[in-house]
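J.: sequence unknown, structure follows:
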């Protein structure tokens, strides 16, 4: 945590030192230090904002003791010696202000912007404007004034409030207005639609706030009805309940993986043991908002009835009776308050010399603190990894640029979304369909560069025009499985309803333990993949929840391998339960069904009908892995009223190949498979009318570091040959 400036007792101004609180060793060893800074500083001031946008700390506005200002300063905390720089920009800038708020957006079209809201102007009026500050790739900084929809109510001018982001939503909490004692709503600005939404809220000013998942926490400050007495109350607001009757905001939360808990109530054992009920309710605005009727507000104020989303508050004390009996409305718990008892202690932390801690630790500590509270962990991966024009293909076995705990957090966020989606996805066209990638991060970036990307780091791409579907085999064989799976999971978290990942035969710990992913985790992360808490095992636990198929507008079914001998109806897949471990020594019909979906192939030509042994994939002749003929394809499509199967799983020389008179298409997206076959890679672009346009890339001339296979390892785990290297003439698959 960093602190700069402010006012002290007696009306004095604090020094212009930059203070750093180091918590990396835990509470008991926490200590303050003064960061050594070279050159000019922003000077003493109060009522300013300080925001971290990697790698910069940015101070804006405030009052110097004689006047309000609108200057802004930055210090790069990853570059020593640390130097403040006064920033300049062309164009409009926000007016001078004090007691405003500033928060960093890391999602959507405003991603990367520091958004300033409100404050008190030089004439002491409460402001209600919003401004975004962004740094461009060429180093320029500029301001842009946020647009407000003219047909929607403008936000209330305020100061001494707080603000923060939940995804693309700017939450403006509490504060004061020009009218003494005026109640102040919680207001939400949707950066995607430029619309403001207003809700009743707890009344505080000069408080602190933070957000964890979809829960907003407000701590301390002053309450409107006792403006001279500070409070140590912590208030928790459940945003999923608050937004339950607002379709637009509820959908925004659903896109982030947070769903309305309309049927859930916090259990009593989740409340601290030293809690006793207290018959109070939060202070609520008497002004009805577009989302809350006068009737509901009046009823809430009288005692939090069922269905309003508010519950009775609870207060922490030294002791209490009826422990854990705090009540909740039927709509779920939205607000709960707690107060530290007299036994709670405030620990004084000493200030030590920065040199004793090492100057180079400052940037790392600030970044660690930011990441620890960052609910949008996926953006950290996208900003660094999703750079189609500027990606870096690290040398084989080079250390991965993210720590294991970051990958685990990303998996947690993605799994929370994936496990709540169906095992058979129902998705829409137009859509881009990718086949096997096999750790070919560079090929994925080349596809995104040439044929469009969902986004480019912080900037939107063509995600509003196309969904994206990836047909499995994200890892193994290639030398950049970590980059590949992390960027795909990050895209899934950012666009949960538009980016779709289904399972391939390599999304299986028994396979990827021997075909490269385990080895890559061990070398590039320095971990033991056999440990339960390893990244390797965490990613594979997520794989057990991946869907097995996707149906596009009830016309096209997409899966990784095929239909084998046992898959007859889509409903057969829907009956399978997750988490799903793939059993290779098949003993049940369900186990065989999974093997067929993930492992089976079409026969070598349209002339071979029926079911045949798959001797390449099943050299021991167990009979579990088979090939299926064009007659099986026609029968399956007829049974399910479908027109096409799209699958991956096999290397094809042109990146895509038709089978069964065009009723099945194989797509393969990794070029020069295992460095041996010189094949092209393809993505299928399916238009709204189901017309399919293949887009190809070819092996790169500088394809070093792409495949982790050497001659010795290829003998142990040989790649499956392309379809044209099978016994049948290559052309027959097109006829």
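T.: Received the coordinates, thanks. For clarity, every value in this text was computed on a predicted model and none was experimentally measured. Residues are numbered from 1 along each chain as shown.
J.: so what's residue 49 up against?
T.: Taking CB atoms under 8 Å, 6 or more residues apart in numbering, we find residue 49 in contact with 59, 60, 61, 62, 100, 101, 102, 116. For glycine as for every other residue, the C-beta is placed from the backbone atoms N, C-alpha and C.
J.: ditto for residue 152
T.: Applying CB under 8 Å, 6+ apart, the residues near residue 152 are 195, 196.
J.: please renumber the chain so that the first residue is 29 from this point on.
T.: Yep, numbering from 29; the last one is residue 180 now.
J.: please, which helix or strand holds it?
T.: Using DSSP states H and E, residue 180 sits within no helix or strand.
J.: ok, which stretches of the stretch 579-728 of the chain are helices?
T.: 598-602, 617-627, 658-667 (DSSP state H, counting those that start in this stretch).
J.: so which of the ones you listed is nearest residue 535?
T.: helix 617-627 (8.4 Å; CB to CB).
J.: before we move on, back to that, now the contacts of residue 77 in CSV, with pLDDT?
T.: Formatted as CSV, the contacts of residue 77 follow (pLDDT from 0 to 100):
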residue, pLDDT
87, 97
88, 97
89, 96
90, 95
128, 97
129, 97
130, 97
144, 97
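J.: what residues of stretch 454-465 count as buried?
T.: Within stretch 454-465, the residues that count as buried by 16 or more other CB atoms under 10 Å are 455, 457, 458, 459, 460, 461, 462, 463, 464, 465.
J.: kindly report the same for stretch 467-485.
T.: Under 16+ other CB under 10 Å, the buried positions of stretch 467-485 are 467-477, 479-485.
J.: enumerate every residue touching residue 480.
T.: Here residue 480 is in contact with 460, 489, 490, 494 (criterion: CB under 8 Å, 6+ apart).
J.: go with 7 Å
T.: By CB atoms under 7 Å, 6 or more residues apart in numbering, the residues touching residue 480 are 489, 490.
J.: what do you get for the one 4 residues further on?
T.: For residue 484, the set of contacting residues under the criterion of CB under 7 Å, 6+ apart consists of 414, 416.
J.: so what's it bridging to?
T.: In this entry, residue 484 is beta-bridged to residue 487, by DSSP bridges.
J.: okay, it and residue 410: tell me how far apart.
T.: Going from residue 484 to residue 410 by CB to CB, to the nearest Å gives 9 Å.
J.: same thing with residue 126?
T.: With the distance defined as CB to CB, residue 126 ends up 35 Å from residue 410.
J.: next one: residue 50
T.: Taking CB to CB, one finds residue 50 at 29 Å from residue 410.
J.: repeat that for residue 202.
T.: Distance, residue 202 to residue 410, by CB to CB: 32 Å.
J.: tell me which of the two has more neighbours.
T.: residue 202 (27 against 24; other CB atoms under 10 Å).
J.: so what's the more buried one up against?
T.: 189, 190, 212, 231, 232, 233, 235, 246.
J.: lowest pLDDT pick from those residues?
T.: Among the contacts of residue 202, residue 231 has the lowest pLDDT, at 89.
J.: what's the most distant pair in the contacts of residue 77?
T.: Distance extremes for those: the farthest pair is 87 and 129 at 13.6 Å, using CB to CB.
J.: in strands, which of the buried residues of stretch 467-485 fall?
T.: 483, 484 (DSSP state E).
J.: narrow the buried residues of stretch 467-485 to those in helices?
T.: Residues from the buried residues of stretch 467-485 lying in helices, with DSSP state H as the criterion: 469, 470, 471, 472, 473, 474, 475, 476, 477, 479.
J.: so where do the strands sit in the stretch 479-628 of the chain?
T.: Here the stretch 479-628 of the chain has its strands, by DSSP state E, counting those that start in this stretch, at 483-484, 487-488, 495-498, 527-529, 577-580, 584-587.
J.: quick one: low-confidence parts of the stretch 279-428 of the chain?
T.: Residue ranges of the stretch 279-428 of the chain with pLDDT under 70: 288-403.
J.: hmm, 90 instead?
T.: 279-280, 282-405, 407-408, 411-412, 415, 417-426 (pLDDT under 90).
J.: what of the stretch 629-763 of the chain?
T.: In the stretch 629-763 of the chain (pLDDT under 90), the answer is 643-644, 646-650, 700-706, 728-763.
J.: most tightly packed of the helices of the stretch 579-728 of the chain?
T.: helix 617-627 (a mean of 21; mean count of other CB atoms under 10 Å).
J.: who's in contact with that one?
T.: 531-533, 576, 587-595, 600-601, 604, 608, 610-611, 614, 645, 652-653.
J.: of the residues you listed, buried ones?
T.: 531-533, 576, 587-595, 600-601, 608, 610, 614, 645, 652-653.
J.: residue 707 touches residue 697, doesn't it?
T.: No: using CB atoms under 7 Å, residue 707 makes no contact with residue 697, being 10.3 Å away.
J.: so between those two, which is more surrounded?
T.: residue 697 (27 against 20).
J.: for the more buried one, what are its contacts?
T.: 462, 463, 464, 465, 471, 475, 709, 710, 711.
J.: any idea how far residue 260 is from it?
T.: 56 Å.
J.: ok so residue 282 is a helix residue?
T.: Yes: membership of residue 282 in a helix is supported by DSSP: H, G, I helix; E, B strand; the rest coil.
J.: now for residue 423, how many residues are close by?
T.: Using other CB under 10 Å, the number of residues around residue 423 comes to 9.
J.: from residue 513, how far out is it?
T.: Applying CB to CB to residue 423 and residue 513 gives a distance of 19 Å.
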